[in-house]
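next input, structure requested:
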Amino acid sequence: MKKEAHITHLKKDKALKKVIEQVGVIKNSRREDLFIALVRAIVSQQLSVKAADTIYSRFLGLFKNGVPDAKSILKLKDDKLRAVGLSYQKAGYIKNIATFSLEQSLDHKLLKVKTDDELVEYLVQIKGVGRWTVEMLLMFNLNRPDVFPKDDLGIQNGMKKLYNLTSEKKALLKEMEEIAETWRPHRTLACRYIWRYKDTK
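Residues are numbered from 1 along each chain as shown. Coordinates of the predicted model:
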């Protein structure tokens, strides 16, 4: 289905239609190395974009040609990872990803055949990788079209503003899910518009 058809479908939601017309076209991003994407996701957790970019750049400097691989990561001492700005906890999580990639697999060709739910189940086995992290991977690395990360604070705050939602916790999630049902099977694109909307307000 062409992008125009995606947009036409989402514009049936009157609130979202206004956002789409304000924001314009959003292009897909494709970064297929899931190992690198997971490592970067761990580095970025609970940090501003600027701080995350700085630490990630220092982290890449630890590797030959600036390209981390699982074996090289596992050879690094935690103190070296700490020196570039990673907490001991994050250093441990990154090593968990490296171990998993060697013992299981993070090969894109193998993983791309899994459904969204299968990928979530597979990757949350890694200590430090939660559902939200996998959902971001599905949306931005695998370009899966129908992901709805309801636990994301940006999506929650954006939908609260856009749809004047006043509920909290479970009641809020229920309302959000009901609204997002109308976006299927293009919930990923809808969420990207919600994020843009939140950032421009």
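
can you pull out the helices in the protein?
3-10, 14-23, 34-44, 49-60, 70-75, 78-83, 88-103, 108-111, 116-123, 131-140, 153-163, 169-181, 187-200 (DSSP state H).

how close does the closest residue to N157 other than its chain neighbours sit to A83?
If the residues on either side of it in the chain are set aside, N157 comes closest to K198, at 5.8 Å by Cβ to Cβ, 6 or more residues apart in numbering. Using the backbone N, CA and C atoms, a C-beta is placed for each residue, glycine as well. Per Cβ to Cβ, to the nearest Å, K198 is found 35 Å from A83.

okay, those two: which has more neighbours?
K198 (19 against 11; other Cβ atoms under 10 Å).

any idea how far that one lies from G154?
Remark: distance between K198 and G154 (Cβ to Cβ) = 5 Å.

with adjacent residues omitted, what lies nearest to A15?
Leaving out its chain neighbours, the residue that sits closest to A15 by Cβ to Cβ, 6+ apart is L162, at 5.1 Å.

the one you found touches K17, doesn't it?
No. Judged on Cβ atoms under 8 Å, L162 makes no contact with K17 at a distance of 11.0 Å.

and these two? Which one has more around it.
L162 (19 against 15).

just want the most central residue of the chain.
Geometric centre of the chain, nearest residue: M136, 1.5 Å, by Cα atoms, centre = their mean.

hmm, R144 and that one touching each other?
No. Applying Cβ under 8 Å as the test, M136 and R144 come out as separate, 10.8 Å apart.

quick revisit: ok now do the residue nearest to A15, which residues does it touch?
15-16, 19, 194, 197 (Cβ atoms under 8 Å, 6 or more residues apart in numbering).

list the contacts of the least confident helix or strand in the chain by mean pLDDT.
Among the helical and strand segments of the chain, the one scoring lowest on mean pLDDT, DSSP states H and E is helix 108-111, with a mean of 87. Helix 108-111 has contacts (Cβ under 8 Å, 6+ apart) with 32-34, 105, 119, 122, 142.

buried ones in it?
L111 (16 or more other Cβ atoms under 10 Å).

repeat for stretch 13-26
Residues of stretch 13-26 classed as buried: 13, 16, 19-20 (neighbour count, 16+ other Cβ under 10 Å).
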